[in-house]
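**Student:** Here's a sequence, model it:
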Amino acid sequence: MKAVQAYIKKNKKRFLDELLEILKIPSVSADPKFKKDVAKTAKSVAAHLKKAGADNVAVCETKGHPIVYGEKVIDKKLPTVLVYGHYDVQPADPIELWDSPPFKPVIKKTKIHPQGAIFARGACDDKGQMFMHIKAFEAMMKENALPCNVKFLIEGEEEVGSVNLDTFCKLNKKRLEADVVLISDTSIISNKQPSITVGLRGLSYVEVEVTGPNKDLHSGVYGGAVGNPINVLSKMIASLHDKNGKITIPGFYNDIIPVSRKERNQMAKAPFSLAAYKKSLKVKDVQGEKGYTTSERASIRPTLDVNGIWGGYIGEGAKTVLPSKAFAKISMRLVPGQDPDKITKLFVKHFKSLAPASVKVEVRPHHGGHPAVTPTNTPEYQAAALAMKKTFKKEAIPTRGGGSIPIVSLFEKTLGVKSVLMGFGLNSDDIHSPNEHYGIFNYYRGIETIPYFFENYANLKKK
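**Tutor:** Below is the predicted model:
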């Protein structure tokens with residue numbers, strides 16, 4: 001791999017410049033007004049794949065945004081790695097909170113990124129991390145050092161729930177056959193301490209509507225005599241947790257697969273400062289389920305959070321109104337063993353049971369996803385761990401992520417293949433937020449590490 005690393009070093013500036021060009025395209029999948037930009041990005045990704053040396057490159061149309069596919073099959077007897085990534089990005093709103101325009105990437109030095117970080121929407125999630133794989137592949141191809149087959153599946157709808165990916169995978173099952181899926185859409189602990197994500201939480205997302213009187217009422221004439229939907233909704237939401245932070249929905253915890261003390265001890269090796277954590281968020285204290293650390297609450301335990309709540313008058317000045325309706329959006333992060341469909345049904349039944357006769361309640365389920373756990377004793381995990389150790393000069397710590405990547409369970413269910421989550425972002429990179437950024441160190445380190453994963457995986461699969 002010496003020649004590959006030399007090629008990467010020689011072409012670093014070009015690799016960075018090419019990424020900056022892709023970041024300029026506002027590929028926001030959630031907003032129809034950016035449809036042409038999403039399509040433009042797909043074509044750009046396909047062009048880079050083809051230039052890097054991939055065969056059968058195609059921009060595959062779906063009912064939504066296109067999926068980019070490419071492959072290099074050098075020997076059918078060798079193992080095949082399916083690289084997954086996404087080129088779509090989150091909306092940039094609120095624009096006014098960005099220090100620089102979200103689609104005019106700039107490089108700025110920060111305390112965490114002294115070598116500089118790229119500030120742009122999608123820099124880390126996931127254009128920067130997706131593009132690492134194309135550049136690593138290019139380096140291996142140029143130096144005739146690709147040790148196993150590779151296929152690329154890069155979608156444009158991850159930020160809207162990958163709504164057409166399952167259908168695409170089912171229709172292209174033969175085309176997508178692989179031994180492992182390699183994903184870089186996660187983070188590491190720090191630039192000095194590498195880690196590999198081995199677990200992700202699932203998701204159940206619902207919207208609730210509480211209706212009282214048939215119209216907004218004068219709070220002086222009717223207040224105290226008619227049920228106020230906002231008051232009722234607030235009490236219902238408050239009752240969803242007990243004094244110890246546990247969720248009160250009957251049956252909510254029944255199917256959870258316990259995390260062993262050994263695994264919890266392994267996770268605890270990850271550096272964590274509660275004081276620094278609170279300082280970074282400007283909070284005086286943390287809270288959560290009793291009996292678990294802050295890190296555990298944010299990774300191996302399920303949650304229930306209100307993501308938005310509204311109703312009544314919220315304009316300037318005062319309006320003494322008793323509202324007809326109140327609304328809330330609620331998400332539940334799930335852990336291994338919990339089924340999102342079952343949890344949603346449990347929530348609907350319980351939430352409706354909380355409502356007094358003075359109101360009517362409607363619950364509208366939105367999207368969801370299954371939790372996932374990847375074992376650490378597999379060739380793919382070992383290949384990633386050895387690759388991380390090679391470039392970081394330090395053992396990678398297995399960690400569980402608090403977020404959700406539903407496609408991990410989708411790939412296992414539809415394609416029958418496990419994934420390895422070898423990401424290079426940092427939790428402080430402000431993904432989904434204003435001023436999203438990605439360290440130049442992290443971008444280059446990813447490109448340098450990926451070829452070692454391929455080399456290690458090919459060798460381990462021979463044994």
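**Student:** Can you pull the phi and psi angles for Arg261?
**Tutor:** Main-chain torsions, Arg261, degrees, to the nearest 10: phi -60, psi -40.
**Student:** Could you report the neighbour count for it?
**Tutor:** Arg261 is flanked by 8 other residues according to other Cβ atoms under 10 Å. From N, CA and C alone the C-beta is placed, and that goes for glycine too.
**Student:** How much space separates it from Thr41?
**Tutor:** Look at Arg261 and Thr41: by Cβ to Cβ, to the nearest Å, they are 46 Å apart.
**Student:** Same check on Leu23?
**Tutor:** Distance from Leu23 to Thr41, counting by Cβ to Cβ: 10 Å.
**Student:** Over to Lys269?
**Tutor:** Distance, Lys269 to Thr41, using Cβ to Cβ: 39 Å.
**Student:** who has more neighbours, these two?
**Tutor:** Thr41 (28 against 14).
**Student:** In space, what's closest to Val436 - neighbours in sequence excluded?
**Tutor:** Wrong residue type there; residue 436 is Glu, not Val. Take Glu436 and drop its neighbours on the chain: the residue closest to it by Cβ to Cβ, 6 or more residues apart in numbering is Asp430, 4.8 Å away.
**Student:** pLDDT score assigned to that neighbour?
**Tutor:** Reported pLDDT at Asp430 in the predicted model: 96.
**Student:** Tell me the helices and strands packed up against the longest helix along the chain.
**Tutor:** Across the chain, the longest stretch assigned as helix under DSSP state H is helix 440-462. Judged by 3 or more Cβ pairs under 8 Å, 6 or more residues apart in numbering; DSSP states H and E, helix 440-462 is in contact with helix 2-10, helix 12-23, strand 117-119, helix 127-142, strand 180-183, helix 379-392.
**Student:** any idea how far it is from the chain center?
**Tutor:** 21 Å (Cα atoms, centre = their mean, to the nearest Å).
**Student:** Compute the mean per-residue pLDDT across it, please.
**Tutor:** Per-residue pLDDT over helix 440-462 has a mean of 97.
**Student:** Could you do stretch 247-259 as well?
**Tutor:** Averaged over stretch 247-259, pLDDT sits at 96.
**Student:** Buried residues, it. List them.
**Tutor:** Ile247, Ile249, Phe252, Ile256, Val259 (16 or more other Cβ atoms under 10 Å).
**Student:** Stretch 221-233 now?
**Tutor:** Those would be Tyr222, Gly227, Asn228, Pro229, Ile230, Asn231, Val232, Leu233, for stretch 221-233 by 16+ other Cβ under 10 Å.
**Student:** and the third one, what does it touch?
**Tutor:** Contacts for Asn228 were tallied using Cβ atoms under 8 Å, 6 or more residues apart in numbering; they are Gly212, Leu322, Pro323.
**Student:** Next: the second one.
**Tutor:** For Gly227, the contact set (Cβ under 8 Å, 6+ apart) comprises Gly212, Pro213, Pro356, Ser358, Val359.
**Student:** and it, how far is that from Val359?
**Tutor:** From Gly227 across to Val359, the span is 5 Å (Cβ to Cβ).
**Student:** Are there residues contacting both of the two? Which ones?
**Tutor:** Joint contacts of Gly227 and Val359 (Cβ under 8 Å, 6+ apart) are Gly212.
**Student:** re earlier: pLDDT and distance to Lys50 added to the buried residues of stretch 221-233, as a markdown table?
**Tutor:** Listed next are these as a markdown table, based on pLDDT from 0 to 100; distance: Cβ to Cβ, whole Å:
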| residue | pLDDT | distance to Lys50 |
| --- | --- | --- |
| Tyr222 | 94 | 67 |
| Gly227 | 95 | 63 |
| Asn228 | 97 | 61 |
| Pro229 | 97 | 56 |
| Ile230 | 97 | 56 |
| Asn231 | 97 | 60 |
| Val232 | 98 | 58 |
| Leu233 | 98 | 53 |
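**Student:** Among these, which ones are in helices?
**Tutor:** If you go by DSSP H, the buried residues of stretch 221-233 have Tyr222, Pro229, Ile230, Asn231, Val232, Leu233 in helices.
**Student:** Test my guess that the fifth one contacts Phe351.
**Tutor:** Think Val232. No. Here Val232 lies out of contact with Phe351, judged by Cβ atoms under 8 Å, at a distance of 11.6 Å.
**Student:** The helices and strands packed on helix 440-462 into a markdown table, with extra columns for distance to Lys173, mean neighbour count and mean pLDDT?
**Tutor:** Below are those laid out as a markdown table (distance: least, Cβ to Cβ, whole Å; neighbours: other Cβ atoms under 10 Å; pLDDT from 0 to 100):
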| stretch | distance to Lys173 | mean neighbour count | mean pLDDT |
| --- | --- | --- | --- |
| helix 2-10 | 32 | 15 | 98 |
| helix 12-23 | 29 | 17 | 98 |
| strand 117-119 | 36 | 26 | 98 |
| helix 127-142 | 22 | 25 | 98 |
| strand 180-183 | 14 | 25 | 98 |
| helix 379-392 | 20 | 21 | 98 |
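**Student:** Could you export the ones you listed as JSON lines, including distance to Gly70?
**Tutor:** Putting those into JSON lines (distance: least, Cβ to Cβ, whole Å) gives the following:
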{"stretch": "helix 2-10", "distance to Gly70": "19"}
{"stretch": "helix 12-23", "distance to Gly70": "16"}
{"stretch": "strand 117-119", "distance to Gly70": "24"}
{"stretch": "helix 127-142", "distance to Gly70": "9"}
{"stretch": "strand 180-183", "distance to Gly70": "14"}
{"stretch": "helix 379-392", "distance to Gly70": "21"}
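**Student:** mind checking which of the ones you listed is nearest Lys461?
**Tutor:** Across the helices and strands packed on helix 440-462, Lys461 has its closest neighbour in helix 379-392 (5.7 Å, Cβ to Cβ).
**Student:** mind listing what's buried in the very next helix or strand once past the closest one?
**Tutor:** Heading C-terminal from helix 379-392, the first helix or strand you meet, by DSSP states H and E, is strand 397-401. For strand 397-401, burial by neighbour count (16+ other Cβ under 10 Å) applies to Ile397, Pro398, Thr399, Arg400, Gly401.
**Student:** Next, work out how far apart the second one and Arg261 are.
**Tutor:** Looking back up the chat, that one is Pro398. Taking Cβ to Cβ as the measure, Pro398 falls 15 Å from Arg261.
**Student:** Likewise for Asn191?
**Tutor:** Per Cβ to Cβ, Asn191 is found 30 Å from Arg261.
**Student:** Break this protein into its domains for me.
**Tutor:** The chain breaks down into these domains under automatic domain parsing: 2-200+371-462, 202-256+302-369.
**Student:** Just say which of those is most tucked in.
**Tutor:** Among those, domain 2-200+371-462 has the highest mean neighbour count (mean count of other Cβ atoms under 10 Å), at a mean of 20.
**Student:** How far does that domain sit from its chain's centre?
**Tutor:** 12 Å.
**Student:** Regarding that domain, how distant is the last residue from the first?
**Tutor:** One end of domain 2-200+371-462 sits 22 Å from the other (Cα to Cα, to the nearest Å).
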